[in-house]
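Novice: Using only what follows, build the 3D model:
(one chain, ligands or ions: 2)
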Amino acid sequence: MKTVGYAAHSADSELVPYHFERRELRANDVAIEITYCGVCHSDLHTVNGDWGSQPYPLVPGHEIVGIVKSIGTGVNNYKVGDHVAVGCMVDSCQECDQCHHGEEQYCRNGLTGTYGSPDRIDGTTTQGGYSKHIVVREEFVLRIPEKMDTSRAAPILCAGITTFSPLREWNVKPGSRVGVIGLGGLGHMAVKLAVAMGAEVTVISRSKRKEAEAQQLGAKGILASSDEDELTASANAFDLIIDTVPKKHDLNPYMPLLDVDGTLVIVGQIGPLEEVMTYPMVLGRRRIAGSLIGGIEQTQEVLDFCAEHNVYPECELIEIDQINGAFERLAEGDLSHRFVIDMKSLDAD
Ligand code: NAP
Ligand code: ZN
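Specialist: Ligands and ions are numbered 1, 2, ... in the order given. From the prediction side, this is the model:
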């Protein structure tokens, strides 16, 4: 099937229109016309080559919402016209223990990313959601709940699940004290989801500049990580901290904010941290952990949770030809919401 998207052709080039083919449907495939796609900082890291060299041309995008256009002969769970979604994975081995217990993101044989991964069957490079269509095996297609506004759903597919998963894993419940470092795409979803679970949430930001946004999202306050006195006054104040910072950074100011047995979960940066002092860990059994997106079953769970609790990402709709400007804004880190591409804008190309 012929389609069109926006692709990067090298680490230092802008995204430009790109015509390419989606595969013919296999028996278990669903063909989706994409209506919206969120713009994740991971898209930027990937096309910039921050995580290693890439198989360009590369169409990013893994917060995908759309409508089923056609189905393979063996597809049972979806029909033409269904509102569906695709997140960060489009395949995994389906045979290992991790796949069997619904954590395909930790597949022993490696997950297949929505873009930039070799397809498990024909070896072609997967291409993501900054495009008009996508073809995905049905096991990796999610259902958009009936009452959900599809124009505001896309960021749940990555920013939502990536923060929901650790909130669940660390058993956040009414009364839990949660800190969120970095109020961007992931951070703002972490705040909304933790608040919906009944937690008391504080944003830990580089400054107080985003205070009004933090409060609107339901946070009880904002701590400026640049203010040492403020951090000292908040020692032992959190059970869980979710760290969404996308760059190399220093964890030492944050560890004493955890209570005994508290955990700081890194979901942002991949790569080396600044040197970490072990005192707070040893003296308070505090932990540093990491977490990668979430499994397919849990991705459906967060979609359903958001529909039930009326939790929506803050989405700023953009046209696809504004994507390079959106990447620049994302690189600056001044957003406290998500850009979402309205794929209708791709018709004009
Ligand atoms: P984003 O919208 O750009 O938000 C990141 C936030 O981090 C910024 O809004 C800013 O918040 C803070 N920040 C930015 N630069 C900083 C710096 N130099 N030092 C300290 N804080 C800084 O990005 P995002 O889409 O939320 O993604 C965040 C990170 O998560 C990215 O690295 C992305 O690749 C990663 N990610 C991981 C997973 C996973 O599965 N683990 C999934 C998706 C994304 P303040 O202004 O409040 O400080
Ligand atoms: Zn993402």
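Novice: What parts of this structure come near ligand 2?
Specialist: Counting by C-beta under 5 Å from the ion, the residues of the chain close to ligand 2 are 40, 42, 158. C-betas here are computed from N, CA, C, even on glycine.
Novice: Can you tell me which of these end up in helices?
Specialist: Counting by DSSP state H, the part of the residues of the chain next to ligand 2 found in helices is residue 42.
Novice: Identify, from the residues of the chain next to ligand 2, the entry nearest to ligand 1.
Specialist: Taking C-beta to the nearest ligand atom as the measure, ligand 1 lies nearest residue 42 of the residues of the chain next to ligand 2, at 3.6 Å.
Novice: out of the residues of the chain next to ligand 2, who's near ligand 1?
Specialist: The residues of those that also fall near ligand 1, by C-beta under 6 Å from any ligand atom, are 40, 42, 158.
Novice: Can you give me every residue that contacts the closest residue to ligand 2 within the stretch 1-150 of the chain?
Specialist: Proximity of the stretch 1-150 of the chain to ligand 2 (C-beta to the ion) peaks at residue 40, 3.0 Å away. If you count contacts by C-beta atoms under 8 Å, 6 or more residues apart in numbering, residue 40 has them with 62-63, 155, 158-159, 185, 338.
Novice: Select from those residues the one having the most neighbours.
Specialist: Using other C-beta atoms under 10 Å as the neighbour test, these are led by residue 63, with 33 neighbours.
Novice: so what's that residue up against?
Specialist: Neighbour list for residue 63: 37-40, 87, 129, 154-159, 338, 340 [criterion: C-beta under 8 Å, 6+ apart].
Novice: give me that answer again for 7 Å
Specialist: Residue 63 makes contact with 37-38, 40, 129, 154-155, 157-158, according to C-beta atoms under 7 Å, 6 or more residues apart in numbering.
Novice: need the residues of the protein near ligand 1, please.
Specialist: Counting by C-beta under 6 Å from any ligand atom, the chain sits next to ligand 1 at 40-42, 45, 158, 162, 182-187, 205-206, 210, 244-247, 249, 267-269, 291-293, 330, 333, 335.
Novice: follow-up on the earlier one: of the contacts of residue 63, which pair is most distant in space?
Specialist: Farthest pair in those (C-beta to C-beta) is 129 and 155. Separation: 11.8 Å.
Novice: Of all residues in the chain, which one is nearest the centre?
Specialist: For the chain, residue 158 is the residue whose C-alpha lies nearest the centre (C-alpha atoms, centre = their mean; 2.4 Å).
Novice: Identify the residues contacting it.
Specialist: 38, 40, 62-63, 87-88, 293.
Novice: Filter the residues you listed down to the ones in strands?
Specialist: residue 38 (DSSP state E).
Novice: Turn the contacts of residue 158 into CSV, columns for pLDDT.
Specialist: Output for those, formatted as CSV (pLDDT from 0 to 100):
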residue, pLDDT
38, 98
40, 98
62, 98
63, 98
87, 98
88, 98
293, 98
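Novice: In helices, which of the contacts of residue 158 fall?
Specialist: Per DSSP H, the subset of these in helices is empty.
Novice: which of the contacts of residue 158 lies closest to residue 259?
Specialist: Distance to residue 259 across the contacts of residue 158 (C-beta to C-beta) is lowest for residue 293, with 26.9 Å.
Novice: And for the closest one, the neighbour number?
Specialist: Residues near residue 293, counting by other C-beta under 10 Å, number 27.
Novice: Then residue 248?
Specialist: 10.
Novice: what do you get for residue 168?
Specialist: Around residue 168 there are 16 residues (other C-beta under 10 Å).
Novice: Next: residue 213.
Specialist: Residues contacting residue 213 under the criterion other C-beta under 10 Å number 20.
Novice: Could I get the contacting residues of it?
Specialist: Counted by C-beta under 7 Å, 6+ apart, residue 213 has contacts 183, 336.
Novice: how close does it get to residue 268?
Specialist: As judged by C-beta to C-beta, to the nearest Å, residue 213 and residue 268 stand 18 Å apart.
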